[in-house]
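**Q** Show me the folded form of this:
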Amino acid sequence: MKVGCQKDPSFARGRNLVTFAFELMEPESTSSGDFASGVRILDNLLQKLEQWGPGPGPALLIRQLVGSASSSQVMHKLLHTFRTTGPHTMDVREHAARIVAHLAGDIELASFPQGTRCICSLLEMPSTSEQEDDDSAPAAHYRELMVQGLVILHKLVADEHNRRIINSAPELLSKAMAPVSADLIHRIDHKAWSKIVTASLQLMSRLVTAPGETGANLRSQVLNNRDAINTMEKILKCNECNEELYILAFKILTQLPMAANASSSMSTDESREKFINLLVAIFTDQTKDASMRQMAAKALTMLSEQGESNAIIIFKASDTIVKYLTDLLPLDDHQLDKMMITQRYWNEIFDCGNPGESVH
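**A** Predicted coordinates:
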């Protein structure tokens, strides 16, 4: 600690502020005003961490203090600050949310039985009038809380034990996906809602690639949300959506064939054909990023193996698809033979001029 103080006097000042803020937030402090002051100080320090650069400093001290066994009550108080029924003002809720978002990677939800309900409070959708009133203070407040709530969840689900708890709280996951499933960016405004939709997609992207049985359950919940899938398909065709939204939406959509049951997302021939055509268009577009084309290729290969009808849709969309796939993906002999047979089958139908009939 002494070395840190000698190298950077701001380290000592930061340490003093951290411990002072922490003392204000401790359970022994009965004043709600003291707690609010401590939360404000701690959040302001965390926001300045980037200016202090890497290395030991207040950030490490904050983690040690808030994460220690003796101070779990402080984290408990921070989490309960999220509740709309509490005595805290809007700005105190925001400060507390940013602190928890910073520390979320070290939180074990099992230690906080009401934790998921508290986080749910951050994800409350504003009223219709507040959604459309981009410049009002209440609307900005709701958006900031939603972003921090999604950041908290994104960090929490990196841990298997936390994923199990979140998997057993379907309301929480539904609220986390609501900015996407409600299509706020296209229905209301790109500028006001892009940050929130991006945070929601980042969480969904992590969930659809989570391992194990819990991961499979979470993936199924995401990929069976038809409204969310529709929004992501719109993002891929929207000129106003930024590149980050496009990439996140595409990464999630390419997981559809891997879902144990994505029946509600591709429940009709029309929706399945629409999805496959979208993948083919991206895969055969040589101006697209190579990693995105490869994701599309893997999804198309898996779809073709799941049924002859899927393969026919693929070859109907592009009669040179096998060449594209073999150029980009290392297909094994079985995959290649199956795709070649299906392509010949489609070509025979096409040559007869009766695409809807089989050839015998």
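
**Q** Would you state the strands of the chain in chain order?
**A** Shown for the chain, no strands are assigned by DSSP state E.

**Q** care to break it down by domain?
**A** Domain ranges of the chain: 1-106, 275-360, per automatic domain parsing.

**Q** so where's this structure uncertain?
**A** Applying pLDDT under 70 to the chain flags the ranges 1-15, 28-30, 50-71, 85-88, 126-136, 258-268, 319-320, 322-360.

**Q** centroid residue for it?
**A** Centroid check for the chain by C-alpha atoms, centre = their mean gives Leu203 as the closest residue, at 1.7 Å.

**Q** Next up, the contacts around that one.
**A** Contacts for Leu203 (C-beta atoms under 8 Å, 6 or more residues apart in numbering) come out as 150, 153-154, 157, 176. Every residue, glycine included, has its C-beta placed from N, CA and C.

**Q** go on, Glu240?
**A** 185, 190.

**Q** ok, it to Ile185 distance?
**A** 8 Å (C-beta to C-beta, to the nearest Å).

**Q** next one: Ala216
**A** For Ala216 relative to Ile185 (C-beta to C-beta), the value is 29 Å.

**Q** same thing with Val222?
**A** Noted for Val222: a distance of 18 Å to Ile185, by C-beta to C-beta.

**Q** more crowded one of Ala216 and Ile185?
**A** Ile185 (26 against 17; other C-beta atoms under 10 Å).

**Q** you'd agree that one is up against Lys195?
**A** No: counting by C-beta atoms under 8 Å, Ile185 stays clear of Lys195, with 10.0 Å between them.

**Q** Tally up the residues packed near Asp43, please.
**A** 21.

**Q** what's near enough to touch it?
**A** Counting by C-beta under 8 Å, 6+ apart, the residues that Asp43 touches are 94-96, 98-99.

**Q** same thing but at 7 Å, please
**A** The contact partners of Asp43, by C-beta atoms under 7 Å, 6 or more residues apart in numbering, come to 95, 98-99.

**Q** From those, which land in helices?
**A** In helices, judged by DSSP state H, the following of those are found: 95, 98-99.

**Q** Dump these to a markdown table, plus distance to Phe275 and neighbour count.
**A** Shown next, in a markdown table, are the ones in helices among the contacts of Asp43 (distance: C-beta to C-beta, whole Å; neighbours: other C-beta atoms under 10 Å):
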| residue | distance to Phe275 | neighbour count |
| --- | --- | --- |
| His95 | 43 | 25 |
| Arg98 | 38 | 22 |
| Ile99 | 41 | 25 |
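
**Q** Pick the one among these closest to Leu123.
**A** Within the ones in helices among the contacts of Asp43, the smallest distance to Leu123 is 15.3 Å, found for Arg98 (C-beta to C-beta).
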